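Peer 1: Sequence plus predicted model, see below.
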Amino acid sequence: HRSKSTGLPDVRERTLIAVKPDGVQRRLVGQIIQRFEQRGFKLVGLKMLQASQDVLSEHYCGLRTKPFYNSLLRYMTSGPVVVMVWEGHNVVQTSRTMVGHTNPAEAMAGTVRGDFSMHVSRNVVHASDSVEGAQKEIQLWFQAKDLVDWDCWVQTSTSEV
Ligand code: GDP
Ligand code: MG
């Protein structure tokens, strides 16, 4: 499949990015969106909601045995989140780099966590960690009809070498 306007192959890789409740409370939503826009990724889904226990327990099913699991769910339900789907070349790996290390103390300056957070229990943002994980998370948080398949006529990324 090629873009109608640029003729270049469409990049279909997608990832789920969420601004966590502390990021919303601290008015960081705009700055976080801006970083993904200016990098060239395409926003294809966006919503604000109060996350449910059901969705969060599925989203964090791999962490159920961790000692911080209950506090993680309390944190994630402490206020609304902004959930987004971003699309583009290598978006899963690149957004992990942009978000930075899970523990903000180890996150590089210039990353979202490195610039905006101090502690792992309040690390501002979520990013899917693999292409398969992203597909599962996108299905969990979004209905297919709420993702917008729009044609980007400004060339910002390509799968061609
Ligand atoms: P991520 O993919 O970088 O978000 O990291 P993980 O998937 O390993 O963990 C999911 C989330 O659980 C992290 O983003 C943190 O919000 C939280 N978390 C991870 N490790 C800890 C921890 O040691 N203590 C606390 N309180 N929360 C943690
Ligand atoms: Mg993770």
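Peer 2: Done, it's in. Computed from a predicted model, the values in this text were never measured in an experiment. Ligands and ions are numbered 1, 2, ... in the order given.
Peer 1: got the residues of the protein near ligand 1?
Peer 2: Applying CB under 6 Å from any ligand atom, we find that the chain lies next to ligand 1 at 63, 68, 71-72, 102, 120-121, 123, 126, 129. Every residue, glycine included, has its C-beta placed from N, CA and C.
Peer 1: again, only this time at 5 Å
Peer 2: By the rule CB under 5 Å from any ligand atom, the part of the chain lying against ligand 1 is 68, 72, 102, 120-121, 123.
Peer 1: Let me know the closest of those to L43.
Peer 2: N123 (21.8 Å; CB to CB).
Peer 1: Read off the pLDDT value for the closest one.
Peer 2: On the pLDDT scale, N123 is placed at 98.
Peer 1: Just read off the phi/psi values of it.
Peer 2: Note on N123: its backbone torsions stand at phi -100, psi 20 [degrees, to the nearest 10].
Peer 1: what's the answer for V125, then?
Peer 2: Dihedral pair for V125: phi -150, psi 150, per degrees, to the nearest 10.
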